[in-house]
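Participant: Model the following, please.
(one chain, ligands or ions: 1)
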Amino acid sequence: MRKSCMLLYMSILFGALSAQQEDKMQWFADAKLGIFIHWGIYAVDGTDESWAFYNNKVPYEQYMSQLSRFSAARYQPQEWADWIAESGARYAVLTAKHHDGVALWNTHQLHTAAKSPLSIPQLSPAKRDVLTPFIQTIKQKGLKAGVYYSILDWSHPDYTGFRKDSARYSIQQDPARWKRFQAFNQAQLRELMEEQNPDLWWFDGGWEHSAEEWNAREIREMLLNKNNNAIINERLTDNGDYGTPEQNFPIVRPKEKHWELCMTTNDNWGFQYKDKNWKTPKEIITIFADVVANGGNLLLDIGPMEDGTIPQEQVNILKELGRWNKKHEEAIFNTVPGLSSGHFYGPSTLSKDSMSLYLFLPGNATGAIEVKGILNSVKSAEIVGASKICSTKVVGKISWSAKPGLLFIDIPSDPRFTDPMMTVVKLSFSEPIKIYSGTGGL
Ligand code: GLC
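Facilitator: Alright, predicted model coming up:
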């Protein structure tokens, strides 16, 4: 690892970011929710995105035949953007090119053995660039736009890997061929950079080579030269700004100052006919609250059909999220992580001025909710979005001890006040919150 990469990596790891880096990351830290979109030829047959041929589930030719059946016939970027905005998400990331190498935009970089570009506009019946209108619409709506780009390309004749049991060559065997691939990658990235100027670059596939082999530092510099404020995920090996745990929830707070959990709404990234294992809106909201309370963002994935239709279940999830986010806006957006574990059996967030603590009630618990270690007296406990003040009680406070007692908040079970997804209580204080986290006793 080069020295500068190492420094960047260490500073991300240990949370010591420069003021300039902090400024750049601010919108991301406040955003909390992004929508990920996996849209590509894999939606035609409803097969695994790129992995289907890599893992020999289907022959390569059969996989690629989906290109001649990708229609985008009902693609309405405006409608996608409306639903994304309605969900409360502050940014969206679209797969400009997945590991199969098929570009959603009108790339001019020659790709296939036939020496033509491999893209939706040039080779599918959709016959048009389906990336640009989306990125433009998202920006017009005042959201941040992200471009997903697979740095590995299993279709490219000059790329090393192909299927899991049949690589093309190794860099050591043919460095000149690898250089051609690097040039191709950089040229495609330059196109995206010039045409889309995304707020966020979501790289993927970095695991097949080292940062040096990818030329990751040069790529980072090139992208930042164009837009110094662009945010780059850590999958541009060792050269990113934030961590990207995937699917599995980090049980302890990740070490990176900034991180984002990317997660599917069923079991797959792209559209698959057979996958009906939908997460419920309630489950997603529970996970989302947990992510935010741990200082992260949720990048929630949807997978439109080949014609551009977003499955009804996913539209429903976006709408339910939207309703809940609107009602609980102050508890989620622009907040910072709340109590560390041990104080409260659930997620919590804090307003930036530390005057309000938001408690997310897991499983919609009602009754006597306990909070430990709050040194301030509570000014009010209110159910967010319901204008309902709850009674509070402190027990076990010893008058002459500096240690706090235990706080109980009485949450009514009345559905007029609770939320069907997840109820949130706001504790307000007259001064910034002070927390006791010791071993107890007098
Ligand atoms: C993985 C997969 C890919 C998916 C991505 C989303 O790295 O290779 O199919 O697009 O994760 O995070």
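Participant: So in this structure, which helix runs the longest?
Facilitator: Criterion DSSP state H: the longest helix present in the chain is helix 175-196.
Participant: Confirm that residue 223 sits in a helix.
Facilitator: Yes. Counting by DSSP: H, G, I helix; E, B strand; the rest coil, residue 223 is located in a helix.
Participant: Chain neighbours aside, what residue packs nearest to it?
Facilitator: What sits nearest to residue 223 in space, not counting adjacent residues and going by C-beta to C-beta, 6 or more residues apart in numbering, is residue 230, at 5.6 Å. Glycine gets a C-beta too; all of them are placed from N, C-alpha and C.
Participant: wait, what's in contact with the one you found?
Facilitator: 198-201, 223-224 (C-beta atoms under 8 Å, 6 or more residues apart in numbering).
Participant: Repeat that for residue 289.
Facilitator: Residue 289 touches 332, 347, 360, 422, counting by C-beta under 8 Å, 6+ apart.
Participant: What is the burial count for the first one?
Facilitator: By other C-beta atoms under 10 Å, 22 other residues sit near residue 332.
Participant: Just the pLDDT at the closest residue to residue 55 other than its chain neighbours, thanks.
Facilitator: Leaving aside its sequence neighbours, residue 55 sits nearest to residue 164 (C-beta to C-beta, 6+ apart; 5.9 Å). Looking at residue 164, its pLDDT reads 97.
Participant: circling back to that earlier point, output the contacts of residue 289 in TSV; the columns should cover pLDDT, distance to the ligand and secondary structure.
Facilitator: Below are the contacts of residue 289 laid out as TSV (pLDDT from 0 to 100; distance: C-beta to the nearest ligand atom, whole Å; DSSP: H, G, I helix; E, B strand; the rest coil):
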residue	pLDDT	distance to the ligand	secondary structure
332	98	23	helix
347	97	23	coil
360	98	25	strand
422	97	25	coil
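Participant: returning to that earlier point: just put the contacts of residue 230 in TSV and tack on pLDDT, distance to the ligand and neighbour count.
Facilitator: TSV is the format used below for those (pLDDT from 0 to 100; distance: C-beta to the nearest ligand atom, whole Å; neighbours: other C-beta atoms under 10 Å):
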residue	pLDDT	distance to the ligand	neighbour count
198	98	17	27
199	98	18	21
200	98	14	25
201	98	14	28
223	98	19	23
224	97	23	14
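Participant: got JSON lines for the residues you listed, with distance to residue 54 too?
Facilitator: Formatted as JSON lines, the contacts of residue 230 follow (distance: C-beta to C-beta, whole Å):
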{"residue": "198", "distance to residue 54": "26"}
{"residue": "199", "distance to residue 54": "30"}
{"residue": "200", "distance to residue 54": "26"}
{"residue": "201", "distance to residue 54": "23"}
{"residue": "223", "distance to residue 54": "27"}
{"residue": "224", "distance to residue 54": "31"}
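Participant: Strands of the stretch 301-442 of the chain, start to end?
Facilitator: 336-337, 348-350, 356-360, 367-372, 380-383, 388-389, 392-395, 406-411, 424-428 (DSSP state E, counting those that start in this stretch).
Participant: three-state assignment of the residue nearest to the spatial centre of the chain?
Facilitator: Most central in the chain under C-alpha atoms, centre = their mean is residue 299, positioned 2.2 Å from the mean C-alpha point. Taken by three-state DSSP, the conformation at residue 299 corresponds to strand.
Participant: Cool, thanks, signing off.
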